[in-house]
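**Q** I need the structure of the sequence given here:
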Amino acid sequence: MIIALVVFVALTVLTRWTAFGMLLESVGINAEASRLAGVPSRTLVWSTYIICGILAGLAGIVYGAPTMAADANNIGLMKEMDAIMCVVLGGTRMSGGKFYLSGTLVGAVILTTIERAVIVFHLPSQTAPLFKAIVVIAVVVAQSSRFRDWAQERRMRRQAGSDSIPAEKVIV
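**A** Sure thing, here's the model as predicted:
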């Protein structure tokens with residue numbers, strides 16, 4: 001927990017209080033526009049990959065330490081999907097751009113809650129990926145532009161006072 005807290009604080013400082021974070025978001029939003037604006041996007045992306053690799057190595061050490069054994073074939077199996085799920089649940093769009101470290105932390109708590117709920121309700125451990133997949137599908141659908149347009153249209157109709165079906169769409 002202490003290692004996670006130190007890494008979280010360090011990443012927050014790096015991405016929110018330095019130019020690195022702003023440039024990283026600009027490359028995530030539109031890499032080509034950032035490159036044309038003079039941002040060394042290729043160097044920035046490689047730097048980010050290096051930082052991610054170091055942190056993945058640290059996570060592997062922390063994850064494998066309690067087992068006192070190493071099974072290279074199975075340790076960390078499907079953890080990359082869990083990492084993506086935490087980020088998506090935290091509010092970061094799959095298409096890139098603005099990211100939220102605190103949201104990612106909340107996503108990790110939600111993911112842990114799903115895994116613990118499977119244990120608490122005495123469900124087979126093989127069902128945990130099913131529940132994770134359902135949550136990821138719901139989040140990705142909620143982030144889609146089509147769903148957002150539908151929700152906004154519905155909200156506007158509700159504010160206008162007529163949540164009924166328009167007359168031209170009624171089939172008699």
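**Q** Leaving out sequence neighbours, find the closest residue to the spatially most central residue of the chain.
**A** Centroid check for the chain by C-alpha atoms, centre = their mean gives residue 87 as the closest residue, at 1.5 Å. Setting aside the residues directly before and after it, residue 87 is nearest to residue 104 in space (C-beta to C-beta, 6 or more residues apart in numbering), at 5.3 Å. No exception for glycine: its C-beta is placed from N, CA and C like everyone else's.
**Q** what helix or strand does that neighbour sit in?
**A** According to DSSP states H and E, residue 104 maps onto helix 101-120.
**Q** Low-confidence stretches in this protein?
**A** In the predicted model of the chain, residues 68-70, 72, 96-97, 162-172 satisfy pLDDT under 70.
**Q** quick revisit: am I right that the residue nearest to residue 87 is in contact with residue 85?
**A** No: taking C-beta atoms under 8 Å as the definition, residue 104 is not a contact partner of residue 85, at 10.1 Å.
**Q** Other residues contacting the longest helix along the chain?
**A** In the chain, ranked by residue count with DSSP state H as the criterion, the top helix is helix 41-64. Applying C-beta atoms under 8 Å, 6 or more residues apart in numbering, the contact partners of helix 41-64 are 3, 7, 20, 23-24, 27, 31, 34-35, 70, 75-76, 79.
**Q** Tell me the buried residues in it?
**A** By neighbour count with 16 or more other C-beta atoms under 10 Å, helix 41-64 contains the buried residues 41, 44, 59.
**Q** Please compute how far that helix lies from its chain's middle.
**A** A distance of 16 Å separates the C-alpha centroid of helix 41-64 from that of its chain, computed with C-alpha atoms, centre = their mean, to the nearest Å.
**Q** Show me what the following helix or strand past that helix is in contact with.
**A** Going down the chain from helix 41-64, the next helix or strand is helix 79-89, by DSSP H and E. Under the criterion C-beta under 8 Å, 6+ apart, residues 59, 63, 94, 99, 103-104, 106-108, 110-111, 132, 135-136, 139-140, 143 lie in contact with helix 79-89.
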